[in-house]
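[1] From the sequence below, what's the structure:
(chains A and B)
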Amino acid sequence: MLRPRLIPVLLLRGGALVKTVRFADARYVGDPLNAVRILNEKEVDELAILDIDASVHGRTPDLGLIRELAAECRMPVSYAGGVTNVETFQALIGLGVEKVGLSSAALERPQLIRECATVVGSQSVMYVADSRRNGSTHEIYSHNGLRASGQDVATMAKIAEDMGAGEVLINSIDRDGTRSGYDFDLISAVRAAVQIPISALGGAGSLEDVRELYSRFGLIGAAAGSMFVYHGKFNAVLINYPSRAKRREAFGEL
Amino acid sequence: MIGVIDYGLGNVHAFLSLYEDEGVPARTVTSMSDLDACEALILPGVGAFDSAMDRLESSGLRESLDYAVLKRSTPVLGVCVGFQMMCNSSEEGVKPGLGWLDATVRRFDPAAVAGMLPHMGWNDVQAGSASLLLSGITSPSFYFLHSYHVDVADSTVIAARSHYGVDFVAAVEQRNLFATQFHPEKSHEWGRRVLLNFAQIAHA
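    Predicted coordinates:
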């Protein structure tokens, strides 16, 4: 039976690993290559690498670093950050990245999603939706949370699906780094709008939060940053991930 | 020497580094002469069917591949879209496939999976007892990432099955043709064993 995924997320800024809270206060947490090696050894389901700086500074993805990171992984890797054209998208796939995410560029020009999907197939195209609550609505923000788009998350997710995206990664800016639980309202809104696989990021603090996500949504990707990077009440940096046995215990025989 | 066909779309590095870690000689194949040096081949694949077939045609390797596989019976392992390319045709595109396997690639019926496509994630695979690729591997799971699956004309070639809304073909074995719908190069220990089993087949 297909199992829901548990996905560690690593944030890159200037080639270093960082962790943020609500997309701010980036704290250095280590060397990405080291983190990837550890996660590979722990046999994680899949890994997501997000470059949080690229679109802000108009930089293209660091292909050399990404190639190195992907080479360490015996599990699928997704990458997002600063992808603005099909050539870069294709180059990343060629480096051994299974899924490439489009965010700010897809917001500006949704057609880019279709162009990428035509060449590499929908299964490799991920739409990354960074979202902030605006009263009772969920609004897409681009450029690492700096620019309000005026666009509703569920609406944009649907556009991405129609354009051929194979997955939506819902990233809650408000919950990022807070470990206060996933934003189920936000996730429900997107789940209702699209049929393609979705993954949720932002707010997971424990396996219990993940278990609750799975029990509400069934097949969904549970993505998390802080949970897999920090340990203990003083937030010591310790790359961690539950063993298969631990996951069976936490989630049941999925 | 195992040759991993590099036609520009597929995780070539993952196969090479895995074999390197295991001390199994492997190299990329980008030209006809590269091909000649190899006792076995891997045809990887990530991407849309037509686009993949286009790239393979443009690589100039098509004829030599056909010769190696169909005439010299070089063992070949197709992975994901590589597997699909080995078939006659795909519902995903309009181009003909390699036609090595008598099979058609079909879309999963969205109704059977609540519309959730692609099939994405780790799923259980049941191997037939005679499978060489899955020999010695107990209750494996592998990573799948696809919206299309292979419908074979002759079910005796099916080496392993999985389930996503419907039972579908996870692996085939037919003489020198081997293929998996899942990604062994991205399925941790289980996948590593499949690739080592293929290396054994190659050197047999």
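[2] can you tell me the residue of the stretch 101-250 of chain A closest to chain B?
    Using CB to the nearest CB, the single residue of the stretch 101-250 of chain A nearest to chain B is A:Gln195, 3.4 Å away. To be clear about C-beta, it is placed using only N, CA and C from the backbone, and glycine gets the same treatment.
[3] any idea which element that residue lies in?
    For A:Gln195, there is no host helix or strand (DSSP states H and E).
[4] Now do it, the pLDDT please.
    In this model, A:Gln195 is scored at 97, pLDDT.
[5] That one is in contact with B:Met116, isn't it?
    Yes. Counting by CB atoms under 8 Å, B:Met116 is a contact partner of A:Gln195 at 5.9 Å.
[6] Please report the number of neighbouring residues for the nearest residue to B:Leu43 once chain neighbours are set aside.
    Spatially, and ignoring its direct neighbours in sequence, B:Leu43 is nearest to B:Gly82 (3.7 Å; CB to CB, 6 or more residues apart in numbering or on different chains). Look at B:Gly82: counted by other CB atoms under 10 Å in any protein chain shown, it has 27 neighbours.
[7] which secondary structure element contains B:Gly82?
    helix B:81-85.
[8] where does the chain dip in pLDDT?
    Let's take chain A. A:253-254 (pLDDT under 70).
[9] you looked at the wrong chain, it should be chain B
    Judged by pLDDT under 70, no stretch of chain B qualifies at all.
[10] In it, what residue lies closest to chain A?
    For chain B, CB to the nearest CB, closest residue to chain A: B:Gly115, 3.4 Å.
[11] helices or strands next to the helix holding B:Gly82 in the packing?
    strand B:40-43, helix B:49-58, strand B:148-152, strand B:177-180 (3 or more CB pairs under 8 Å, 6 or more residues apart in numbering or on different chains; DSSP states H and E).
[12] What parts of the stretch 51-200 of chain A come near chain B?
    A:67, A:70-71, A:73-76, A:90, A:93-96, A:98-99, A:117-124, A:166-167, A:195-197 (CB under 8 Å from any CB of the partner chain).
[13] Just to be sure, A:Ser215 is in a helix?
    Yes. Using DSSP: H, G, I helix; E, B strand; the rest coil, the assignment for A:Ser215 is a helix.
[14] From B:Pro184, how far off is the residue of the stretch 101-250 of chain A closest to chain B?
    28 Å (CB to CB, to the nearest Å).
[15] Those two - which one has more neighbours?
    B:Pro184 (29 against 14).
[16] pull the longest helix from chain B.
    helix B:188-203 (DSSP state H).
[17] Measure how far that one is from the centre of its chain, please.
    A distance of 13 Å separates the centroid of the chain from that of helix B:188-203, by CA atoms, centre = their mean, to the nearest Å.
[18] which stretches of chain B form strands?
    Listed in chain order, the strands found in chain B under DSSP state E are B:2-5, B:26-29, B:40-43, B:76-79, B:89-90, B:103-107, B:119-124, B:126-127, B:141-146, B:148-152, B:158-164, B:166-174, B:177-180.
[19] Ignore what I typed, I meant chain A.
    With DSSP E as the criterion, chain A has strands at A:5-13, A:16-21, A:24-30, A:47-51, A:77-80, A:99-102, A:125-134, A:137-142, A:147-152, A:167-172, A:198-201, A:221-224, A:230-231, A:236-237.
[20] Give the bridge partners for A:Asn134, please.
    A:Thr137 (DSSP bridges).
[21] Could you count how many residues lie near it?
    12.
[22] Could you pull out the residues contacting both of A:Gln195 and B:Met116?
    Residues touching both A:Gln195 and B:Met116 by CB atoms under 8 Å, 6 or more residues apart in numbering or on different chains: B:Pro110.
[23] And stretch A:185-195, what's buried?
    A:186-187, A:189-191, A:193-194 (16 or more other CB atoms under 10 Å in any protein chain shown).
[24] so how many other residues sit close to the closest residue to B:Val157 other than its chain neighbours?
    The shortest distance from B:Val157 to any non-neighbouring residue, by CB to CB, 6+ apart, is to B:Gln174 (4.2 Å). Using other CB under 10 Å, B:Gln174 is surrounded by 18 other residues.
[25] contacting residues around residue 26?
    Since you didn't name a chain, this refers to chain A. So A:Ala26 contacts A:11, A:13, A:18-20, A:52 (CB under 8 Å, 6+ apart).
[26] switch to chain B, that's the one I care about
    B:1-4, B:15-16, B:19-20.
[27] can you pull up the bridge partners for residue 127?
    Because you didn't say which chain, this covers chain A. Counting by DSSP bridges, the residues bridging with A:Tyr127 are A:Leu102, A:Val168.
[28] To clarify, I was referring to chain B.
    With DSSP bridges as the criterion, B:Ala127 is bridged to B:Ala160.
[29] Quick check: the gap between it and B:Met120.
    For B:Ala127 relative to B:Met120 (CB to CB), the value is 22 Å.
[30] One more: A:Asp62?
    26 Å.
[31] which one of these two has more residues nearby?
    Set A:Asp62 next to B:Met120 and count neighbours by other CB under 10 Å: B:Met120 wins out with 27 against 18.
[32] didn't that one look like it was pressed against A:Pro197?
    Yes. Assessed by CB under 8 Å, B:Met120 is found in contact with A:Pro197 at 4.8 Å.
[33] So for the two, which residues contact both of them?
    A:166-167.
[34] Just give me the neighbour total for A:Leu201.
    A:Leu201 has 25 nearby residues by other CB under 10 Å.
[35] Which residue is the nearest non-sequential neighbour of it?
    Of all residues not flanking A:Leu201 in the chain, A:Ala223 sits nearest, at 3.9 Å (CB to CB, 6+ apart).
[36] tell me the contacts of that neighbour?
    By CB under 8 Å, 6+ apart, A:Ala223 lies in contact with A:7-9, A:48, A:169, A:199-201, A:204.
[37] could those be laid out in JSON lines, adding distance to A:His57?
    Shown next, in JSON lines, are the contacts of A:Ala223 (distance: CB to CB, whole Å):
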{"residue": "A:Ile7", "distance to A:His57": "26"}
{"residue": "A:Pro8", "distance to A:His57": "25"}
{"residue": "A:Val9", "distance to A:His57": "20"}
{"residue": "A:Ala48", "distance to A:His57": "21"}
{"residue": "A:Leu169", "distance to A:His57": "21"}
{"residue": "A:Ser199", "distance to A:His57": "26"}
{"residue": "A:Ala200", "distance to A:His57": "27"}
{"residue": "A:Leu201", "distance to A:His57": "22"}
{"residue": "A:Ala204", "distance to A:His57": "28"}
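[38] Tell me the one of these nearest B:Ala170?
    Proximity of these to B:Ala170 (CB to CB) peaks at A:Ile7, which lies at 22.8 Å.
[39] A:Val9 bridge partners, please.
    Residues in a beta bridge with A:Val9, per DSSP bridges, are A:Ala48.
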